[in-house]
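Engineer: structure, please.
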Amino acid sequence: MKINLIIQKIGHPLSSFIIMLGQSSRLLLSIIMSMGYVLKRPHLILKEIFYSGVLSLLIIAVSGWFVGMVLGLQGYNTLQRFGSVSVLGSLVALSLLRELGPVLCAILFASRAGSGITAEIGLMKATEQLDAMSVMAIDPIKRVIAPKFIGGIIAMPLLTALFDASGILGSHFVGVTMLKLDNGMFWSQMQDSVSFQQDVVNGLLKAVVFGVFVTLISVYQGFNAKATAEGVSAATTRTVVHSALAVLAIDFILTAFMF
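Structural biologist: This is a model prediction of the structure:
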């Protein structure tokens with residue numbers, strides 16, 4: 001009996017994970033097949049870009065600014081021990097462009113926009129709006145799910161670029177304005193060390209991949225949420241947790257291949 005219980009405890013989460021992968025893959029395939037319908041109605045995509053991207057601008061910009069300020073302070077204190085404070089701009093820029101920008105922006109995106117997407121779709125399911133669409137011969141995946149998916153993918157790299165720029169300006173404020181580093185040296189060292197292809201482009205590619213996974217997790221959890229208040233709440237929580245874990249795991253894989 002004990003062995004059976006152990007096998008059951010181990011096998012149930014594993015089987016649930018495999019089922020979730022299969023269902024999310026089917027949902028992704030359905031979204032891809034709905035692309036033609038959505039692309040003919042760009043107003044649906046623009047609406048979701050506004051919801052996922054524009055309404056997230058403030059939290060992304062402010063978070064990037066403070067992350068850059070913290071990197072500036074910590075980097076200055078560390079580099080000062082080795083007499084290399086002149087490369088502070090390079091340190092901050094490479095840290096943001098390669099890792100911190102895409103990763104932190106994806107987690108913030110999941111917390112703000114992803115949870116909202118899940119809650120909206122889950123509420124539509126709980127109030128039978130999705131069923132009503134099906135009755136009226138309107139595919140909810142084409143009308144609701146696919147536009148949110150595309151909008152999230154488009155918004156994610158744009159928000160990451162804003163996060164990176166805000167973080168660099170925050171570190172510039174700390175390094176040049178507060179700690180009196182040379183302004184020209186700060187920018188020249190950064191320009192010499194940052195590669196457009198290797199750092200900027202790869203960082204934005206990471207953001208696109210993160211956008212795909214975070215948005216897919218968000219729409220999947222909302223579409224498969226239980227049609228109750230507790231079900232929608234649990235689905236929203238799962239969106240944030242699963243998105244954060246997925247971003248960190250995928251970041252390791254992408255970093256191993258890119259850098």
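Engineer: show me what contacts E120?
Structural biologist: By CB atoms under 8 Å, 6 or more residues apart in numbering, the contact set of E120 is G222. Just so you know, the C-beta spots here come from the backbone N, C-alpha and C atoms, and that holds for glycine as well.
Engineer: kindly report the same for the one 10 residues further on.
Structural biologist: Under the criterion of CB under 8 Å, 6+ apart, the contact list for L130 reads 121, 124, 140, 144.
Engineer: which of those residues lies closest to A246?
Structural biologist: Set against A246, the nearest of those by CB to CB is I121 (18.4 Å).
Engineer: element containing the closest residue to that closest one other than its chain neighbours?
Structural biologist: Spatial nearest neighbour of I121, chain neighbours left out: G222 (2.9 Å); criterion: CB to CB, 6 or more residues apart in numbering. When elements are assigned from DSSP states H and E, G222 belongs to helix 202-223.
Engineer: quick revisit: what score does the residue nearest to I121 have for pLDDT?
Structural biologist: Model confidence at G222, expressed as pLDDT, equals 92.
Engineer: next, count neighbours for it.
Structural biologist: 28 (other CB atoms under 10 Å).
Engineer: for it, what are its contacts?
Structural biologist: Listed by CB under 8 Å, 6+ apart, the contact partners of G222 are 117-122, 124-125, 232, 235, 239.
Engineer: mind telling me what element the nearest residue to F213 once chain neighbours are set aside is part of?
Structural biologist: Excluding its sequence neighbours, the residue lying closest to F213 (CB to CB, 6+ apart) is A246, at 5.0 Å. Using DSSP H and E, A246 falls within helix 229-258.
Engineer: so which of the contacts of G222 sit within strands?
Structural biologist: Among the contacts of G222, no member falls in strands (criterion: DSSP state E).
Engineer: which of those residues sits closest to E99?
Structural biologist: Of those, the one sitting nearest to E99 (CB to CB) turns out to be T239, at 22.8 Å.
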